[in-house]
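Participant: need a structure here:
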Amino acid sequence: MVKKPSPPFPGDHTLQISNVSIFIFLPLYVLLAAGFHPAQAQYIPGQLSNEAEISILTLGPAEPAYTIFGHTAIRLQDSTNNIDQVYNYGTFNTNETNFYLKFLYGNIRYSLSATSFQQFKQTNTALGRSIINQTLNLTPSEVNRLARQLEQNLLPENRSYQYRFFTRNCVTQVQDLFSEKNLGHSFGQMPTPVLSTSTYRQKITPYLVHRPWLHLAINLMLGANADKNDNQRQHFLPDDLHLFLANVTDSSGERAVQSSQTIAKAEIMESNISISPRVLFWGLFLIVIAFTTISLVNGWQGWWLDRILFGAVGLAGLIIAFGSLVSLHSPLHNNWNLLWALPTHLVVTAGMPLLNHRWIQTYFLTVLTLGILVIVGWTFIPQQVPIVVIPVIGVIIIRSTYRVFMAAVAKQDQEKTELQNDGI
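Facilitator: Residues are numbered from 1 along each chain as shown. The predicted model follows:
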């Protein structure tokens, strides 16, 4: 069984992917966790020495897509007992039957794994990731208590949990470990000015600035629920937790972080130059205008073009609809992109030339109306629809208008033919 940890959302959740597969299987890659292959865990004695320490490791992004949101792990050190181990809540098995479908549906389980710190460091520095170690200000009793809890959680019957890329991931699981139940007291309070009122979508956007296709795919899949303020769960991104720990104090008023150390610095990543969605979509918009104009003059139907365009939009709509209507991932629900990305395009485009002219005219008149409503009501839609898709909606409006016109012409020709036949 091959195991890979951590997801790109809250933690480290994605796999390396092409632009095409990103667009098709968006959340599967963007919200997956990738990482290292866990080695056998070290033996942890029932009682650690007074030198034992627990640290939070925060990993930065690197070139692979699965690293884009960073990652959080727990480090246990005890020099007396030669222990230096990392606990990772981002492990999953891609060989599981129907893994990607289960992930999109929301029925996938992640698990806790343990590996040596040296292997953890080697794997992640090879990717060019930064690693920051925050040693927590804990008493020997608290360290022992948390270590026992980690070992208890590592047992086969306890290690797995239901994964949710915003609310249950490697970051939130670490937070839960430091609960009052495990520590015997509240771990600390975040100073009020540092608390975030950003939405889920706003919080992940800075990580996607230099990955426009991934940014588009994620924005298309996220529904209106992702535009609500992130008040229920303060931290779902590794950087959030890192910032929290840097500012939090414990119950006695002391800093929660005893010391902070940069173990590895990020390597500068060269950005891959590729055509952006904005350039591609506006280029497509101009080409469609030119082709439609020529078709109008020459009386071309252009079924092949509409099959490609509406088929692609319909496929995207089908995936969005699954996430919005079927998936258990609540941030994908109530997706207003379905107003213009209709899954029904897949069925209609498959048999377009064979359908009744009146039916085609009615269908594309509806599509045209919806497209115009989205553009006109852009600022009123309770969801942040990607502005980059405006030319795509423009293409839908143009080709829908053309289909309505051609259906009307065909209907008129059919009526003339029937009248002529009746006259004969």
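Participant: His242 - that's part of a helix, no?
Facilitator: Yes - counting by DSSP: H, G, I helix; E, B strand; the rest coil, His242 is found in a helix.
Participant: Could you grab the helix/strand/coil label for the spatially closest residue to it that is not a sequence neighbour?
Facilitator: Excluding the flanking residues, the one nearest His242 by CB to CB, 6 or more residues apart in numbering is Thr58, at 4.3 Å. Yep, even glycine has a C-beta here, placed from its N, CA and C like the rest. Per three-state DSSP, the local secondary structure of Thr58 is strand.
Participant: What segments of the stretch 1-150 of the chain are helices?
Facilitator: Counting by DSSP state H, counting those that start in this stretch, the stretch 1-150 of the chain has helices at residues 19-24, 26-30, 99-105, 117-126, 140-153.
Participant: who does the last one touch, helix- and strand-wise?
Facilitator: With contacts taken as 3 or more CB pairs under 8 Å, 6 or more residues apart in numbering; DSSP states H and E, helix 140-153 sits against strand 53-59, strand 71-78, strand 109-116, helix 170-177, helix 180-183.
Participant: 7 Å instead?
Facilitator: Under the contact criterion of 3 or more CB pairs under 7 Å, 6 or more residues apart in numbering; DSSP states H and E, helix 140-153 touches strand 53-59, strand 71-78, helix 180-183.
Participant: if we can go back for a sec, so what sits opposite the residue nearest to His242 in the bridge?
Facilitator: Here Thr58 sits in beta bridges with Thr72, Ile132, going by DSSP bridges.
Participant: who are the neighbours in contact with it?
Facilitator: Taking CB atoms under 7 Å, 6 or more residues apart in numbering as the criterion, Thr58 is in contact with Gly70, Thr72, Ile132, Pro238, His242.
Participant: Tell me which of the helices and strands packed on helix 140-153 sits nearest to Ser324.
Facilitator: Closest approach to Ser324 among the helices and strands packed on helix 140-153 is made by strand 71-78 (28.0 Å; CB to CB).
Participant: Give me the distance from the closest one to the chain's centre.
Facilitator: Mean C-alpha position of strand 71-78 versus that of the full chain (CA atoms, centre = their mean, to the nearest Å) differs by 25 Å.
Participant: Name the surrounding residues that touch stretch 333-345.
Facilitator: In this structure, residues lying in contact with stretch 333-345 by CB under 7 Å, 6+ apart are 220, 223-225, 310-311, 313-314, 316-318, 320-321, 323-324, 367, 370-371, 374, 381, 383, 385, 393, 396.
Participant: if we can go back for a sec, with respect to Gln258, which of the contacts of Thr58 is nearest?
Facilitator: Among the contacts of Thr58, and counting by CB to CB, the member closest to Gln258 is Ile132, at 13.9 Å.
Participant: Kindly provide the distance from the closest one to Pro331.
Facilitator: 27 Å (CB to CB, to the nearest Å).
Participant: Next: Asn81.
Facilitator: From Asn81 across to Pro331, the span is 42 Å (CB to CB).
Participant: cool, and Lys411?
Facilitator: Noted for Lys411: a distance of 45 Å to Pro331, by CB to CB.
Participant: neighbour-wise, which of those two wins?
Facilitator: Pro331 (26 against 15; other CB atoms under 10 Å).
Participant: all strands for the stretch 151-300 of the chain, in order.
Facilitator: For the stretch 151-300 of the chain, applying DSSP state E, counting those that start in this stretch gives strands covering 160-162, 257-264.
Participant: Number of residues surrounding Ala410?
Facilitator: Ala410 has 15 nearby residues by other CB under 10 Å.
Participant: And Ser141, by the same measure?
Facilitator: 11.
Participant: and if you look at Lys203?
Facilitator: Neighbours of Lys203 (other CB under 10 Å): 21.
Participant: That one and Pro238 touch, don't they?
Facilitator: No - judged on CB atoms under 7 Å, Lys203 makes no contact with Pro238 at a distance of 11.7 Å.
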